[in-house]
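In: My questions concern the predicted model and sequence given below.
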Amino acid sequence: MKFEDLSFEDAPKITGKIPGLISKKILQKQLAIEGKALSYPRNIPFVMEEGFGATIKDPDGNIFIDFFSGAGVLALGHCNPFITKAVETQLKKITHTLDFPTKIRIELIEKLRDILPEKLKNNIKVQFGGPTGSDAVEMAVKLAKIITKRHTLLSFEGAYHGMTAGACSLTSGSFWKEKYLPMLPEVHFVPYAYCYRCIFNQDRKQCKFQCISFYEHVLADPHSGVVHPAATIIEPIQGEGGSIVPPEKFIKSIEEINRKYDVPIIFDEIQSGFYRTGKLFSFEHSSATPDIITMSKALGGGFPLSAIAYREELDIWHKGAHIGTFRGNVTAMAAGLACINFMIDNDLGSHVLSTGKFMLDYLKKLEKTSDIVGEVRGKGLMTGIEIVSNKELKIPSSALAAEIRNKCFQEGVIIEVGGHYDNVVRFLPPLIITHELVKTGIMIVEEAIAQVEKRMKK
Ligand SMILES: Cc1ncc(COP(=O)(O)O)c(C=O)c1O
């Protein structure tokens, strides 16, 4: 399959002022009738009419390059014909089965068991949850609590684990919590290996990994203030926290400490899983092995689905311990199975590694040439540029990041911002994006950064 044939040909194509007249009317209507918690269209006034691969048309005839892919959901891009066919076939058979078995359900579970790395291969159980990633997190935490009969939880600064009450408790951003307290009790946050802003003031070259020592201290010292936890949850590569790739040693060390203190470890692969970083799961870039993996986003091939996979010996919870009407939507399962098969048949991991490297190498040079680019980092097609108003003092600038995002939108590239200070311009394109589209897109990003920098210096 040629990836060139999976996107509209002439992207980006911008025909006039954005948003155009038709889009404007739709956006105004939405703002008038939808709730105030509405989020993305307030940042990017975009109406999506038709999507294909890594490109999207709006109703005014503009075509955009999609560097966002529905927050990383659309691994194979919009309307991938392979997935559409699988969904059409399923739609004509049966679409809702609660957790009664179907052939597709069993096939998907078997596929997941089979493709996992050696230590977990065919040695895991899969449990489907409600249709969002947050519910996979709820399930993982519930299982860990049942296994250990403990309730304290450890999470990391910069973590994003979702918006349901339990998952939100494990999410570090205070923005989502300050008006929503109280959260789950006994959740503690420890520093992630966010080397650009190391809170232990370490230099990368002489780093003594104080973040790892501190983590062990939290578990070892009876006066650390942390009661022995039920689990630690960690993103092996942080997404919403700002595309943070920790040093190789970090994740394995956290796992080893957890083994030493007998604390189950949950790897949240909801965003980083399914070849987003070039490997099936991002923990495979280290030699670490989780007890529980959370999955969603690409798992459903663009349709809502979530699940956890965990070591077989941990399967000690009771019948109905985690239920819900949409626990494993069979249409999403058909899409997900087609998606995984496509990924394997087309060696998508290698494509992601090479396109991702190209993107990272190209953008890396901005660290030297631009005064507002603090750091460029990423793995595979999960990349971010940390924007600062003062490079020496590393002063984060969410305003400049937003300006860059808005300029990119005007020129036909969809990106979003994230990070601790909302100052990281993030790229999560569909994994089937071609080198050519990546190049066109990042040149537009480069120009947007240059323009914002120029304006700032005036
Ligand atoms: C790492 C991670 N965990 C959990 C979630 C929550 O998933 P959902 O938004 O589908 O509930 C997200 C969503 O972005 C995520 O990136």
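Out: Yes, it's here.
In: need the contact list for residue 140.
Out: 231, 233, 266, 268, 292, 294, 308, 310 (Cβ atoms under 8 Å, 6 or more residues apart in numbering). From N, CA and C alone the C-beta is placed, and that goes for glycine too.
In: out of those, who's nearest the ligand?
Out: residue 268 (4.5 Å; Cβ to the nearest ligand atom).
In: burial count for residue 449?
Out: Neighbouring residues of residue 449 were enumerated by other Cβ atoms under 10 Å; the total is 26.
In: same question for stretch 284-297, mean pLDDT?
Out: When pLDDT is averaged over stretch 284-297, the result is 97.
In: Could you work out the end-to-end span of it for me?
Out: Length of stretch 284-297, first residue to last, Cα to Cα, to the nearest Å: 18 Å.
In: now swap in stretch 163-182 and tell me
Out: Between the opening and closing residues of stretch 163-182 lies a distance of 14 Å (Cα to Cα).
In: Would you indicate which residues of it are buried?
Out: Taking 16 or more other Cβ atoms under 10 Å as the neighbour-count basis, stretch 163-182 is seen to contain the buried residues 166-173.
In: Check stretch 348-356 too.
Out: With burial defined by 16+ other Cβ under 10 Å, the residues of stretch 348-356 counted as buried are 348-349, 351-353, 355-356.
In: May I see the residues you listed organised as CSV, with secondary structure, distance to the ligand and pLDDT added?
Out: Converted to CSV, the buried residues of stretch 348-356 look like this (DSSP: H, G, I helix; E, B strand; the rest coil; distance: Cβ to the nearest ligand atom, whole Å; pLDDT from 0 to 100):
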residue, secondary structure, distance to the ligand, pLDDT
348, helix, 20, 98
349, helix, 19, 98
351, helix, 22, 98
352, helix, 17, 98
353, helix, 21, 98
355, helix, 21, 98
356, helix, 18, 98
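In: re earlier: could you list which of the buried residues of stretch 163-182 also contact the ligand?
Out: Restricting these to those within reach of the ligand (Cβ under 6 Å from any ligand atom) leaves nothing.
In: Pipe the residues you listed into a markdown table and attach secondary structure per row.
Out: As requested, those are arranged in a markdown table below (DSSP: H, G, I helix; E, B strand; the rest coil):
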| residue | secondary structure |
| --- | --- |
| 166 | helix |
| 167 | helix |
| 168 | helix |
| 169 | helix |
| 170 | helix |
| 171 | coil |
| 172 | coil |
| 173 | coil |
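In: Check what pLDDT the most centrally placed residue in the chain gets.
Out: Among the residues of the chain, residue 271 comes closest to the average C-alpha position under Cα atoms, centre = their mean, at 2.4 Å. Reading off the per-residue confidence, residue 271 sits at a pLDDT of 98.
In: Residue in the stretch 101-250 of the chain with the shortest distance to the ligand?
Out: Taking Cβ to the nearest ligand atom, the stretch 101-250 of the chain has residue 133 as its residue nearest the ligand, at 2.4 Å.
In: Which residue ranges of the stretch 51-200 of the chain form helices?
Out: Using DSSP state H, counting those that start in this stretch, the helices found in the stretch 51-200 of the chain span residues 69-72, 81-91, 103-115, 133-148, 165-170.
In: can you redo those helices as CSV with distance to residue 338 and mean pLDDT?
Out: As requested, those are arranged in CSV below (distance: least, Cβ to Cβ, whole Å; pLDDT from 0 to 100):
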stretch, distance to residue 338, mean pLDDT
helix 69-72, 17, 97
helix 81-91, 4, 97
helix 103-115, 10, 97
helix 133-148, 20, 98
helix 165-170, 28, 96
